[in-house]
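Q: dropping a prediction and its sequence here:
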Amino acid sequence: SAVISQKPSRDICQRGTSLTIQCQVDSQVTMMFWYRQQPGQSLTLIATANQGSEATYESGFVIDKFPISRPNLTFSTLTVSNMSPEDSSIYLCSVDPTGVTPEAFFGQGTRLTVV
Amino acid sequence: DAKTTQPPSMDCAEGRAANLPCNHSTISGNEYVYWYRQIHSQGPQYIIHGLKNNETNEMASLIITEDRKSSTLILPHATLRDTAVYYCIVRSTLKTSYDKVIFGPGTSLSVIP
């Protein structure tokens, strides 16, 4: 299995500011994914981050709002830019150790509140 | 979009078997059925997956119909700690491209004392 650490676990931010969320994995993985979970809702995929290439964003998400970095095979960051109260959500990092295990693993999430 | 449909909620008495259904009528030959659950305020947790044969592990059993258009997750002896949202997902594991895990609304299971 893969152990995922996300930082911060929660934060309260002022509107108009930006927050960078870190995701650290205890093993090298090819694919990392970022999800958003709005209150009372299911998880929505934001983007896929592969090392050495630009992130691939899902419909409705853009790089200017959610820039992603993937500097190596164990680490990624997601920035939520120019935040508004509508960005209040749980943001989750997920990894898929392709070829090693059949399942994807998820971090515990970052609970973001924008005031 | 999610390729599965599930009932939005279910109740189960503690100690009884919980049977959670899932429809995936458009599943293709290279797609597996995965089940995850999310306990309140935690990240999703993998439960089990299968292709066409029934599967069992320490957490649950997965029954897939012969035509693969539906499946049932069985928690044999539900406990209060099994109260969670359960997600049924179909996912290719061809490993030729990234395999996105797309979540539907899931089933909110409440285990009642």
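A: Structure's in. What do you need?
Q: what distance do you get for the nearest residue to residue A:67 once chain neighbours are set aside to residue A:48?
A: Of all residues not flanking residue A:67 in the chain, residue A:79 sits nearest, at 4.8 Å (C-beta to C-beta, 6 or more residues apart in numbering or on different chains). The way it works is simple: take the backbone N, C-alpha and C, and place the C-beta from them, glycine included. Distance, residue A:79 to residue A:48, using C-beta to C-beta, to the nearest Å: 16 Å.
Q: which one of those two has more residues nearby?
A: Neighbours were counted for residue A:79 and for residue A:48 using other C-beta atoms under 10 Å in any protein chain shown; residue A:48 has more, 21 against 15.
Q: surely that one is within a strand?
A: Yes. Assessed with DSSP: H, G, I helix; E, B strand; the rest coil, residue A:48 lies in a strand.
Q: would you confirm that it contacts residue A:35?
A: No. Contact criterion C-beta atoms under 8 Å: residue A:48 and residue A:35 do not qualify, at 10.6 Å.
Q: so where's chain A shaky on pLDDT?
A: Confidence mapping of chain A against pLDDT under 70 gives the ranges A:97-102.
Q: ok, 80 please
A: Within chain A, the ranges that satisfy pLDDT under 80 run A:1, A:96-103.
Q: around chain B, which positions in it sit nearby?
A: Residues of chain A found near chain B, taking C-beta under 8 Å from any C-beta of the partner chain as the criterion, are A:4, A:30-31, A:33, A:35, A:42-45, A:48, A:50, A:56, A:92, A:94, A:96, A:98-99, A:102-109, A:111.
Q: hmm, which of the residues you listed are the buried ones?
A: A:4, A:31, A:33, A:35, A:42-45, A:48, A:50, A:92, A:94, A:96, A:98, A:103-107, A:109, A:111 (16 or more other C-beta atoms under 10 Å in any protein chain shown).
Q: give the contact list for residue A:4.
A: Neighbouring residues of residue A:4 by C-beta atoms under 8 Å, 6 or more residues apart in numbering or on different chains: A:23-26, A:93-95, A:105-108, B:43.
Q: what about 10 Å?
A: A:23-27, A:29, A:32, A:92-95, A:105-109, B:43 (C-beta atoms under 10 Å, 6 or more residues apart in numbering or on different chains).
Q: now do residue B:75
A: B:12, B:16-20, B:37, B:47, B:59-61, B:82, B:86, B:109, B:111.
Q: still on that earlier bit, and the residue nearest to residue A:67, how far from chain B?
A: Residue A:79 is 20 Å from chain B, where distance means C-beta to the nearest C-beta, to the nearest Å.
Q: all set, thanks.
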